[in-house]
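In: Structure for the following, please:
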Amino acid sequence: MRRILSGLVCLLVTLSMCARSGPAQAQAAQPEARNINGYRPMWWKEAVVYQIYPRSFKDSNGDGIGDLKGITSELDYLQGLGVDVIWLSPHFDSPNADNGYDIRDYRKVMAEFGTMADFDEMLAGIKKRHMRLIIDLVVNHTSDEHRWFVESRKSKDNRYRDYYIWRDGKPNRVSPNGFDPPNNYPSFFFGSAWQFDAATKQYYLHYFAVKQPDLNWDNPKVRSEVFDLMKFWLDKGVDGFRMDVIPLISKRPGLPDLTAEELKDTGKAYANGPHLHEYLQEMNRNVMAKYDVMTVGEALGISLEQTPMIADERRHELNMIFNFDAVRINRDGKQWKTWTLPEFKALFTKHAGGLDPHTWDTVFLSNHDNPRVVSSFGDDSAEFRVPSAKLVETLILTMRGTPFLYQGDELGMTNYPFKSIDDFNDIEAKNGYKADVLTKRVSEEAYLDNLRHMSRDNARTPMQWDGSAQAGFTSGSKPWLAVNPNYTEINAARELADPDSIYHYTQKMIALRHKTPALVYGDYKDLDPQNPTVFAYTRSLGEERYLVVLNMSDKPVAYSIPGGVQPKTLLLTNEGGSEVNQGTLNLKGWEARVYKY
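Out: Predicted coordinates for the structure are as follows:
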């Protein structure tokens, strides 16, 4: 009887997962399906997401900047990989102080990326291929060139004044402006989070760049404007939003100075304002509840313990959030640091124990704000780049939560060999150079060495399509950011032609996840938490049981599987291993295996 019930459960899950490409009406009905292992089946839980950074993906007109027509031209490539959802980083009209995260007009496409007709064509192409699209929602701040802010700064009684956060400064006769900032808030991009504006002799708040003034979410008109622009894009057929720094939208009453302890982690200090959940529930009620959408919040400052407050489905806020514990295990603030595998594994165990079936998780190790995954969590040497890139994809695609892949990771693209500050484009890197190197606080050599590991520009170099000039990214002579010189060896054309490539391995891994309910809704258990080189874990759903074994080192190892687990069927391996029905596995450096047991 137990075997029959287990089979019925797995059949229900499989039927649910096969519906992923169905119409919105069918998907909307999916929440009524029977719970699976305590989870409510939803299409966005079963999806694999692929993030596109449009500036760097594909240039169609030779101006050196990626665009929407370029994305449309490569939709078959993404469909072939097997992804379900494309996450498009900001494509809105912007002066590009922060590469599109400073929005001038939420209802226009950035001219460099194309037109609204190009967006509609791209969206239609995505839908035709049975994929979905989510876009960035950047509403903690706008550009200072947005019409709301242009009006807001004109006078203290302008009707848009209260769309932003303005405060008087503290009088100081020796200050260049005659005032000091209202409080000690620092910007994430260095310096004060306050900018003096001569027209009205007040300061406005900007958590990020000077050209990114924070919106005042306590003003109901602001919230109404945001809800309207969300409906604009959902009515076009967009399937949801990745919400940029969404925990920061509610500010502390009175904006008091931060304590010395709070200044050590400003993300945590700025997050979780008193009205955050009220505003997200209002957003859900007015917008998301009326559509079949996927929402994921960039949860800056949100701990694992706080995650259910924002992502528990019974609270009607967001579907899930990005928690940065794993992706940033290799940093201490803005400094690169070493980490151990037991520390890394402990994070996944903590997530498995800390989130109940009402709070869905995400799994990712790269994005546009982090360095390349193979350079950070694998080994980008000539010998081990390919196997370690495959291993990392195995980890992401067999772990609990919706997996997010970043463009180029399926090719094993690596960090860029930066030589000087002139090689960087990122405003954070440039501002940090001014604040730390030009003031002699840090040596140029030390600063650049750290940036080579940490810089966001590592992930933003152009996609490497083929071995032609500029990696086939552009027909122009000068891309907006330099192409990695290893493009002749690492490119999509070469990988598509090689059946043993990272691309094809990732394709197989995605297909395995799609047909294996236990890899989506199954329980997770780390078999060997303290092992310093091997990550071995199980995913199980009823009697469907899977074993994942990852040798996260460059040394061969004879690994004895704990707990008497006997691998019976080898489903996938990156290094040709074939051992089954034995308790000890002989693993090559960076070898990954997925078994049924």
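In: Closest to the centroid, which residue in this structure?
Out: When Cα atoms, centre = their mean is applied to the chain, the residue found nearest the centroid is residue 367 (4.6 Å).
In: Am I right that that one is in a strand?
Out: No - counting by DSSP: H, G, I helix; E, B strand; the rest coil, residue 367 is located in no strand; its state is coil.
In: which residues sit in contact with it?
Out: Shown in contact with residue 367 (Cβ atoms under 8 Å, 6 or more residues apart in numbering): 51, 322, 327, 404, 406, 459. The way it works is simple: take the backbone N, C-alpha and C, and place the C-beta from them, glycine included.
In: cool, and residue 373?
Out: Listed by Cβ under 8 Å, 6+ apart, the contact set of residue 373 reads 365, 366, 389, 392, 406, 409.
In: go with 10 Å
Out: Residues in contact with residue 373 (Cβ atoms under 10 Å, 6 or more residues apart in numbering) are 327, 364-367, 380, 388-389, 392-393, 395-396, 405-406, 408-409, 412-415, 459.
In: among those, which ones are buried?
Out: Neighbour-count burial (16 or more other Cβ atoms under 10 Å) is assigned, among the contacts of residue 373, to 327, 364-367, 380, 388-389, 392-393, 395-396, 405-406, 408-409, 412-415, 459.
In: mind showing which ranges of the stretch 151-300 of the chain have poor pLDDT?
Out: Of all residues in the stretch 151-300 of the chain, none has pLDDT under 70.
In: How about the stretch 1-150 of the chain?
Out: Scanning the stretch 1-150 of the chain for pLDDT under 70 picks out 1-33.
In: Please repeat the previous calculation with a cut-off of 50.
Out: Residues of the stretch 1-150 of the chain that meet the criterion pLDDT under 50 lie in 1-31.
In: Let me see the ranges of the helices in it.
Out: Counting by DSSP state H, counting those that start in this stretch, the stretch 1-150 of the chain has helices at residues 2-18, 24-29, 43-46, 54-57, 68-73, 75-81, 116-128, 147-152.
In: circling back to that earlier point, and the residue nearest to the centre of the chain, what's its pLDDT?
Out: At residue 367, the model reports a pLDDT of 97.
In: and it, backbone torsions?
Out: phi -170, psi -170 (degrees, to the nearest 10).
In: Check the spacing between it and residue 192 real quick.
Out: With distances taken as Cβ to Cβ, to the nearest Å, residue 367 is found 28 Å from residue 192.
In: Among the buried ones among the contacts of residue 373, which ones are in strands?
Out: 405, 406 (DSSP state E).
In: Among the buried ones among the contacts of residue 373, which ones are in helices?
Out: Per DSSP state H, helices hold the following members of the buried ones among the contacts of residue 373: 388, 389, 392, 393, 395, 396, 459.
In: contacting residues for the first one?
Out: For residue 388, the contacting residues are 373-375, 377-381, 412, 502, 550-554, 574, 589-592, taking Cβ under 10 Å, 6+ apart as the criterion.
In: And for it, nearest residue in space, chain neighbours not counted?
Out: residue 378 (3.1 Å; Cβ to Cβ, 6 or more residues apart in numbering).
In: So the one you found versus residue 494, what's the distance?
Out: 19 Å.
In: And these two? Which one has more around it.
Out: residue 378 (25 against 18; other Cβ atoms under 10 Å).
In: From residue 46, how far off is the more buried one?
Out: Applying Cβ to Cβ, the value for residue 378 to residue 46 is 26 Å.
In: could you measure residue 122 against residue 576, distance?
Out: The gap separating residue 122 from residue 576 is 39 Å, by Cβ to Cβ.
In: no wait, residue 101
Out: Residue 101 is 43 Å from residue 576, by Cβ to Cβ.
In: Looking at those two, which is more packed in?
Out: Using other Cβ under 10 Å, the more surrounded residue of residue 101 and residue 576 is residue 101, with 24 against 8.
In: ok, now which ones touch the more buried one?
Out: Each residue near residue 101 by Cβ under 10 Å, 6+ apart is listed here: 89-90, 92, 94, 136, 138, 140-141, 143, 208-209, 212, 244-245, 368-369, 427.
In: Just list the residues touching residue 274, thanks.
Out: Counting by Cβ under 10 Å, 6+ apart, residue 274 touches 218, 250, 251, 252, 253.
In: can you name the two of those residues that are farthest apart?
Out: Using Cβ to Cβ, the contacts of residue 274 reach their maximum pairwise distance at 218 and 252, which is 11.1 Å.
In: which secondary structure element contains residue 195?
Out: Using DSSP states H and E, residue 195 sits in strand 194-197.
In: give me the number of residues near the residue nearest to residue 136 when sequence neighbours are not counted?
Out: Nearest non-adjacent residue to residue 136, counting by Cβ to Cβ, 6+ apart: residue 90, 4.6 Å away. Residues contacting residue 90 under the criterion other Cβ under 10 Å number 26.
In: Can you give me the distance of residue 90 to residue 180?
Out: Residue 90 sits at a distance of 33 Å from residue 180 (criterion: Cβ to Cβ).
In: picking that back up, out of the contacts of residue 367, who's nearest residue 470?
Out: Looking at those and their distance to residue 470, the nearest is residue 459, at 17.9 Å (Cβ to Cβ).
In: quick one on the thing from earlier: in PyMOL, how would I select the buried members of the contacts of residue 274?
Out: The buried residues among the contacts of residue 274 can be selected in PyMOL (16+ other Cβ under 10 Å) with this line:
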select buried, resi 218+250+251
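In: so can I have TSV of the contacts of residue 274 showing secondary structure and distance to residue 301?
Out: As requested, those are exported to TSV (DSSP: H, G, I helix; E, B strand; the rest coil; distance: Cβ to Cβ, whole Å):
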residue	secondary structure	distance to residue 301
218	coil	19
250	coil	12
251	coil	13
252	coil	12
253	coil	17
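In: any idea which of the contacts of residue 274 is closest to residue 524?
Out: residue 250 (33.0 Å).
In: helix/strand/coil for the closest residue in space to the closest one that isn't next to it in sequence?
Out: In this structure, residue 250 finds its nearest non-sequential neighbour in residue 273, 2.8 Å apart by Cβ to Cβ, 6+ apart. Counting by three-state DSSP, the backbone at residue 273 sits in coil.
In: any idea how far residue 273 is from residue 569?
Out: Distance of residue 273 to residue 569, given as Cβ to Cβ: 51 Å.
In: which one of the two has more residues nearby?
Out: Relative neighbour count places residue 273 above the other of residue 273 and residue 569, with 18 against 12, counting by other Cβ under 10 Å.
In: Surely the more buried one and residue 251 touch.
Out: Yes - at 5.3 Å, residue 273 and residue 251 qualify as touching, with contact defined as Cβ atoms under 10 Å.
In: Now do the shared contacts for these two.
Out: With Cβ under 10 Å, 6+ apart as the test, residue 273 and residue 251 both reach 217, 218.
In: From the chain's centre, how far out is stretch 396-406? Work that out for me.
Out: With Cα atoms, centre = their mean, to the nearest Å as the basis, stretch 396-406 stands 11 Å off its chain's centre.
In: List the residues that contact the spatially closest residue to residue 283 that is not a sequence neighbour.
Out: Distances taken as Cβ to Cβ, 6+ apart place residue 227 nearest to residue 283, at 6.4 Å, with adjacent residues excluded. Neighbour list for residue 227: 139, 282, 283, 285, 286, 287, 288 [criterion: Cβ under 10 Å, 6+ apart].
In: Could you check how far residue 227 is from residue 141?
Out: 17 Å.
In: Based on its surroundings, how many neighbours for residue 281?
Out: Around residue 281 there are 14 other residues, counting by other Cβ under 10 Å.
In: Can you tell me the element it falls in?
Out: Residue 281 is part of helix 276-286 when elements are defined by DSSP H and E.
In: Check the offset of that helix from the chain's centre.
Out: Chain-centre distance of helix 276-286: 22 Å, with Cα atoms, centre = their mean.
In: buried residues in that helix?
Out: Going by neighbour count (16+ other Cβ under 10 Å), the buried part of helix 276-286 is 276, 277, 279, 280, 282, 283, 284, 286.
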